[in-house]
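A.B. asks: let's see this in three dimensions:
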Amino acid sequence: MSNIDIKSVNSIRVLAADAIQKAKSGHPGLPLGAAPAAYELWAKHMRHNPANPNWENRDRFILSGGHGSALLYSLLHFFGYGITIDDMKNFRQLGSKTPGHPEYGHTIGVEATTGPLGAGMAMAVGMAMAENHLAAVFNKEGYPVVDHYTYVLGGDGCMMEGISYEAFSLAGTLGLEKLIVLYDSNNISIEGDTNIAFRENVRARFEAFGFHTQLVEDGNDLDAIGAAIEAAKAEKGRPSMIEIKTKIGAGCPAKEGKASAHGEPLGEENVVALRANLGIEDKGAFVLPDDVYDNFASIAKSNASYEEEWNKLFASYCDKYPDMKELWDTYHNSDNAKCLYDLEEFWNTCDKPEATRNVSGKLINIIKDIVPNMFGGAADLAPSTKTYMNNEGDYSKENPLGKNIHFGIREIAMAAIGNGIALHGGLRPYVSTFFVFSDYVKPMARLSALMRVPLTYVLTHDSIGVGEDGPTHEPIEQLAMLRALPDFYVFRPADATECAAAWYYALNKKDAPTALVLSRQNLPQLDGSSQEALKGGYIIADSDKDIPDAIIIATGSEVSLAIEAKARLIEDGIDVRVVSMPSMDIYEDQPEEYKEQILPKAVTARVGVEALSEFGWGRYIGINGRFVGMKSFGASAPGGQLFEHFGITTDAVVNAVKEVTE
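C.D. replies: As a prediction, this is how the structure comes out:
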């Protein structure tokens, strides 16, 4: 543990404290306490190249305790990732590269958006799974072209959150030996000593998960931390957790070890005292020693050799295994699925009534042969959600080549792990559960949208059509919830053609997640459905009049009711247009001219039909429109009876249209 190492650690601490103090907002506790572990990892053990932050075989680092973002920004600044002193001065300010919590895609070097505690832990598991699977696909003897570690740092709060339990239980089951968890263990949370709510033996819990565990008693001991990291890297067949005992706010005489260090600036006088206590000459805020910058620059320069060596290895690999080079390019080509648009088999999977979950299952088994890097599964529901890829094997510790992931009954972790797989790159992940359990999925779906990652959610059993399982399993408000998410695309198809459109859209969307909301019950194949569904809303059955008497707008299983109602209404001299709107989100992205063609403003007589909540429909049916759908929770009975019981019928649609056209 050299003097320059100690000085570098303390400079990280001071820079973080300066940024937080200038912003008059932030969390100094974690950066001060965890700076030694972070420095030791980044400087001595982690393979990364600041000159190319997106190098494929870099080690990944996720700060799960995202409130400690000033630590990550300080590392990125010193190692030369493009974060300047001015960026540090603009910490937490509008439009800065240094927002309050790390944001993927916004700040170079940030591998994942973190903030909700535990989320980074689960995303790290997903990254480690991606590395493990890709290594099994591509590595050859003497050519470990996929060979990197995933490191994640978090504290007591991350360990308390249930998502961590779920994710690490799976990680242990899968034996993810390239996953290393650094536990910043300081026994302090916002309300005080963690003993008030958290007394378990965390290492024993990880041992029960199947992790290799270690304890570093002194969080300032760089040599001990380094030895523990190397021991973790040497461990085979299981992931590792290193508990590092630290003091929150370490180095600040007035704040060290106190809960007040967690989430408020230290104060001007305390920052001065911090500098003095750590031996960093006070030349003013944001002024750090030149020899510290020289140290970091030297490390960053030497790190370039990691990528140079890998580039040589990969070039030789490509020469020796040209077929694998072709497969590598296929895995890393985001346009593989475009050819599905012209594939007749893809758009014509059935000609009789069929549940869209079944149609989706057929489509998945067409897609997998065209998009070979599909990697996904369900939360113990693949037989019900129809998300199993035939003849592709089950992903496991014993078979990392398998493409079907068994997430277990762990919905929130599943979604976060899916995010991690997507963030890693090289794979096209999907996750699946019953639609009603999107309540469990939602926090991580929100992160999918924030990060704009192309993760596909397959959510089945989409309405009261679930039937006998009753209101606990019948989604009502969930569709409105997901539609409310910015940059999250929800698709509820009415038949096989629209289901194909949903998958086509999801697979070709590069900058946002997509949810496919699918039926349990059989739905008829509709004559008017077409690839126009890719526009989110389209005319599936039109009026013969230039200006229709009314417009019925429906989604999913209710589109057929709307078409039946149109046939009934024409007998009474009412000529309506039926618009199928499988995706409000996609429809809203269309040009205004197109939307006016589909839903002309001149036609105010409108009826919405959806066997879910009315919330959000006002923009389409207007203040005088009618809605045929759910206004309560469901009930336990056969699905067909429930549609009758709750008045979601052809008769109800006919009557609603007559009301708006009177």
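A.B. asks: in the stretch 101-250 of the chain, which spans are helices?
C.D. replies: Assigned by DSSP state H, counting those that start in this stretch, the helices in the stretch 101-250 of the chain fall at 119-138, 156-160, 162-174, 202-209, 222-234.
A.B. asks: nearest to Thr497, of the ones you listed?
C.D. replies: helix 119-138 (32.4 Å; C-beta to C-beta). C-betas here are computed from N, CA, C, even on glycine.
A.B. asks: what does the domain assignment say about the protein?
C.D. replies: Residue ranges for the domains of the chain, per automatic domain parsing: 3-304, 336-518, 533-661.
A.B. asks: re earlier: out of the helices of the stretch 101-250 of the chain, which one sits most buried?
C.D. replies: helix 119-138 (a mean of 27; mean count of other C-beta atoms under 10 Å).
A.B. asks: return the list of helices and strands in contact with that helix.
C.D. replies: strand 60-63, strand 150-155, helix 162-174, strand 179-185, helix 322-331, helix 411-424, helix 438-451 (3 or more C-beta pairs under 8 Å, 6 or more residues apart in numbering; DSSP states H and E).
A.B. asks: isn't Val576 up against Ala567?
C.D. replies: No - look at Val576 against Ala567 with C-beta atoms under 8 Å: they stay out of range, at 10.0 Å.
A.B. asks: pick out whichever of the two has more residues nearby.
C.D. replies: Shown here are Val576 and Ala567; by other C-beta atoms under 10 Å, Val576 has more neighbours (29 against 13).
A.B. asks: and the pLDDT at the more buried one?
C.D. replies: Val576 carries a pLDDT value of 98.
A.B. asks: for it, which non-adjacent residue is spatially closest?
C.D. replies: Ala550 (4.6 Å; C-beta to C-beta, 6 or more residues apart in numbering).
A.B. asks: now do the helix or strand that Ser432 is a member of and helix 322-331, the angle between them.
C.D. replies: According to DSSP states H and E, Ser432 maps onto strand 428-434. Orientation check (axes from the mean of the first three to the mean of the last three C-alpha atoms, to 10 degrees): strand 428-434 against helix 322-331 gives 50 degrees.
A.B. asks: got a list of what Glu264 touches?
C.D. replies: Residues in contact with Glu264 (C-beta atoms under 8 Å, 6 or more residues apart in numbering) are Pro28.
A.B. asks: host element of it?
C.D. replies: Here Glu264 is assigned to no helix or strand, by DSSP H and E.
A.B. asks: and the gap between it and Lys258?
C.D. replies: 11 Å (C-beta to C-beta, to the nearest Å).
A.B. asks: hang on, the earlier thing: can you redo the helices of the stretch 101-250 of the chain as a markdown table with distance to Val654 and mean pLDDT?
C.D. replies: A markdown table is the format used below for the helices of the stretch 101-250 of the chain (distance: least, C-beta to C-beta, whole Å; pLDDT from 0 to 100):
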| stretch | distance to Val654 | mean pLDDT |
| --- | --- | --- |
| helix 119-138 | 48 | 98 |
| helix 156-160 | 54 | 98 |
| helix 162-174 | 47 | 98 |
| helix 202-209 | 58 | 98 |
| helix 222-234 | 67 | 98 |
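A.B. asks: for Asn3, which of those helices is the nearest?
C.D. replies: Asn3 lies closest, by C-beta to C-beta, to one member of these: helix 222-234, at 11.5 Å.
A.B. asks: can you pull the contacts of the nearest residue to Gly155 once chain neighbours are set aside?
C.D. replies: Take Gly155 and drop its neighbours on the chain: the residue closest to it by C-beta to C-beta, 6+ apart is Asp184, 4.2 Å away. Listed by C-beta under 8 Å, 6+ apart, the contact set of Asp184 reads Leu30, Gly33, Ala34, Ala37, Gly65, Leu153, Gly154, Gly155, Asp156, Gly219, Ile244, Thr246.
A.B. asks: one step back: verify the stated contact: the residue nearest to Val576 with Ala656.
C.D. replies: No - contact criterion C-beta under 8 Å: Ala550 and Ala656 do not qualify, at 9.2 Å.
A.B. asks: quick revisit: quick one: closest of the helices of the stretch 101-250 of the chain to Ile20.
C.D. replies: Closest of these to Ile20 is helix 156-160, at 18.1 Å (criterion: C-beta to C-beta).
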